[in-house]
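Q: need a structure here:
(4 chains)
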Protein chains: 2
Amino acid sequence: MSSTYHHGDLYRQALEQAQALLHEEGAAAVTLRALARRLRVTAPALYRHFRNRDSLLAALAEHGFLKLRQQLLAVQRDDALERLTGIGQAYIAFAQARPNLYRLMFGGQLLPRGAHPDLDTAGLGAFAVLQKSIDDALAADYLNGQPAGPLAAAAWSLVHGFAELTIDGHLPDEQQAPGLAALVTRLLLPGGPPSDDNNNPRHQP
Amino acid sequence: MSSTYHHGDLYRQALEQAQALLHEEGAAAVTLRALARRLRVTAPALYRHFRNRDSLLAALAEHGFLKLRQQLLAVQRDDALERLTGIGQAYIAFAQARPNLYRLMFGGQLLPRGAHPDLDTAGLGAFAVLQKSIDDALAADYLNGQPAGPLAAAAWSLVHGFAELTIDGHLPDEQQAPGLAALVTRLLLPGGPPSDDNNNPRHQP
DNA sequence: GCGCAATGTTAACGCCGTTAACACGACATC
DNA sequence: GATGTCGTGTTAACGGCGTTAACATTGCGC
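A: Reported below is the predicted structural model:
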C-alpha cells in the first residue's frame, strides 16, 4: 500500500542496524524480531536477505574481521619491530573499542567452524597481517631466527588473550592496562621487555 | 501421586546434568526446559533451586573455576620455573578437555561482571595460583625481577589466548599444537624461547 | 501493457524463560 | 494420632523468539 512496500535497500540497512544493536547491547540482543522492529519491517522479510539468524551473525563477524584487517594494515612504521608492536597495540585497541563485536568474532559459540567459509577466510586474512609483520621482523634479523609459524601463533595468543581478559574485566587492577598493553606487545621481542630502569634483559647480544 | 513427588536431591542432580549438557552440546543447549526433561521434572521446579537461567550458568562457571584452580594447584615441581611452565600446560589442557565449559567461563556474554560475586571470587582464586607461581619464580631469582603484576597478567593472557584460539580452531596448522603449547608456556622465561634448533628447554636438570 | 521475479506481509507452529496459583508430603507440635 | 506449616513439586498461562507456509504488492524486462 504505502510507497515503501518494497524497502529497496533492506540488506545494507539491516547490516548497519544489526551492527548498532550488537555494539550497544551485545550479540544476545541481535534478534531478528528486534532488528525488524528497528527497520520498521516484519521479521520474515529479513529471511529474503539472510538464511537465518546465524548467517546474520556470521556476516557481522565477517565484517569485523575485514575491519580488523584494515586497521592492522593501516599501521605503518619504518622499523619492522616497531611495526610489529604497533600492530599488537592496534589489535588490542580494536577489541577494546568494540568489545561485543570482538566477542562475537572469537566467542566460538554460535559459529561452528567451516559453516561459513567467507567468515573463515576473513579471519585468516586478519591473521595474515600479523603473520607478515612477524616475517618482516624475522627478515630484518630480529627475533633470533625463531620459527615464524609458532612465533606468530604465540604473538596472536598474547594479544588475543590480553584483549579478551581486559574487555571481560578478568584482570585485576585494570587501570594499568595501557602500560600492560605495551609490555605485552613487547614480550615476544628478543631479550624480553626493554630495560629502562628495573627491567633488565639478559641474553641481549 | 508417585512416591517421588518430592525429588529429594534435585539441586545436585540438576548441576550434574547441566554440566553434562554443557559439555556435550554447549551453553546454548543448557536450557531450563531441556534440563528439566533430563531430570524428569517440570521446568518451574528448577526455580526452587536457581533464581533463573543465568544463575544456573553462573553456578556452572563457578564450579569450572574451582575445578581449574584444583588442577593448577595439583601441579607440583621442585623447580619454580618448571612449576610455572607446568601450570601453563595444565591450564591449556583444562581448556582443551572442556571447551564448552571454558567458553562459558570466559565468554563474557551472559554474565555481567559483579552480578555473581561467588563467581568472581572463584575466578580470582584460579588466577591467584598463577600469580603465586610467578611470584615464586621471581623469588627464586628467575625472570630478573620484572614487575610481578604485569608479568602475571601477561602470562595469563598468553595461555588464555592460546587456549581459546586452539579450541575455536582459529590457529592454522593446529597439529603442531603440542609443541606450540610448550613454546608458548616458555615464552615468558628469561631469554625468550630457546633458540638451539626448535624445542629445547633450558634449565633442564 | 503484461507477466514474472523480487520482496514484502499475515498467520501460525513449537520452543524458550518466567510467573502465579495450586497440590503434595515431611515434620514439628499438641 | 490429628493438625498445621513449609519446602518442594505441578499445572496453566504469558510474551518473546526463530522459522515456515501462504499470500500480497511492486518493479522491471519483454
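Q: what pLDDT does the residue lying closest to A:R77 once chain neighbours are set aside get?
A: Closest residue to A:R77 apart from its sequence neighbours, by Cβ to Cβ, 6 or more residues apart in numbering or on different chains: A:R83 at 4.0 Å. To be clear about C-beta, it is placed using only N, CA and C from the backbone, and glycine gets the same treatment. pLDDT for A:R83: 90.
Q: So in chain A, where's the weakest helix or strand by average pLDDT?
A: helix A:177-186 (a mean of 60; mean pLDDT, DSSP states H and E).
Q: Now the residue nearest to A:R77: which helix or strand?
A: A:R83 is part of helix A:80-97 when elements are defined by DSSP states H and E.
Q: Beyond that helix, next helix or strand please.
A: The first helix or strand that comes after helix A:80-97 along the chain, using DSSP H and E, is helix A:99-107.
Q: so what does that next one touch, helix or strand wise?
A: If contacts are counted by 3 or more Cβ pairs under 8 Å, 6 or more residues apart in numbering or on different chains; DSSP states H and E, helix A:99-107 sits against helix A:10-25, helix A:53-73, helix A:148-167, helix B:99-107.
Q: Ok, which of those comes nearest DNA strand D?
A: DNA strand D lies closest to helix A:53-73 among those, at 3.7 Å (Cβ to the nearest atom of the strand).
Q: State the mean pLDDT of that closest one.
A: In the prediction, helix A:53-73 has an average pLDDT of 97.
Q: One more: stretch A:15-26?
A: For stretch A:15-26, the mean per-residue pLDDT is 97.
Q: Give me the contact list for that stretch.
A: Contacting residues not belonging to stretch A:15-26 are listed as A:29-30, A:34-35, A:38-39, A:56, A:59-60, A:63, A:98, A:100-101, A:103-104, B:109 [Cβ atoms under 8 Å, 6 or more residues apart in numbering or on different chains].
Q: Can you select the buried ones from the residues you listed in ChimeraX?
A: Entered in ChimeraX, the line below selects the buried ones among the contacts of stretch A:15-26, by 16 or more other Cβ atoms under 10 Å in any protein chain shown:
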select /A:30,35,39,56,59,60,63,98,100,101,103,104 /B:109
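Q: among the contacts of stretch A:15-26, which are within reach of DNA strand D?
A: A:A34 (Cβ under 7 Å from any atom of the strand).
Q: Could you find the lowest-pLDDT member of the contacts of stretch A:15-26?
A: B:Q109 (76).
Q: Could you verify my assumption that that residue touches A:G108?
A: No: with contact defined as Cβ atoms under 8 Å, B:Q109 and A:G108 do not form a contacting pair (11.1 Å).
Q: So A:Y91 sits against A:L130, correct?
A: Yes: with contact taken as Cβ under 8 Å, A:Y91 and A:L130 are classed as touching, separated by 7.4 Å.
Q: Quick check: neighbours shared by these two?
A: With Cβ under 8 Å, 6+ apart, A:Y91 and A:L130 have common neighbours A:L72.
Q: quick one: the helix holding A:R83 to helix A:53-73, angle?
A: 140 degrees (axes from the mean of the first three to the mean of the last three Cα atoms, to 10 degrees).
Q: which other residues reach helix A:80-97?
A: Residues outside helix A:80-97 that contact it (Cβ under 8 Å, 6+ apart): A:67-68, A:71-72, A:74-77, A:102, A:129-130, A:133-134, A:136-137, A:139-140, A:142, A:155, A:158-160, A:162-164, A:166-167, A:181-182, A:184-186, A:189.
Q: Which members of those residues additionally contact DNA strand C?
A: Within these, nothing lies near DNA strand C by Cβ under 7 Å from any atom of the strand.
Q: Buried residues of the longest helix along chain A, list them for me.
A: Identified as the longest helix of chain A according to DSSP state H is helix A:117-139. By 16+ other Cβ under 10 Å, the buried positions in helix A:117-139 come out as A:119-120, A:122-123, A:125-135, A:137-138.
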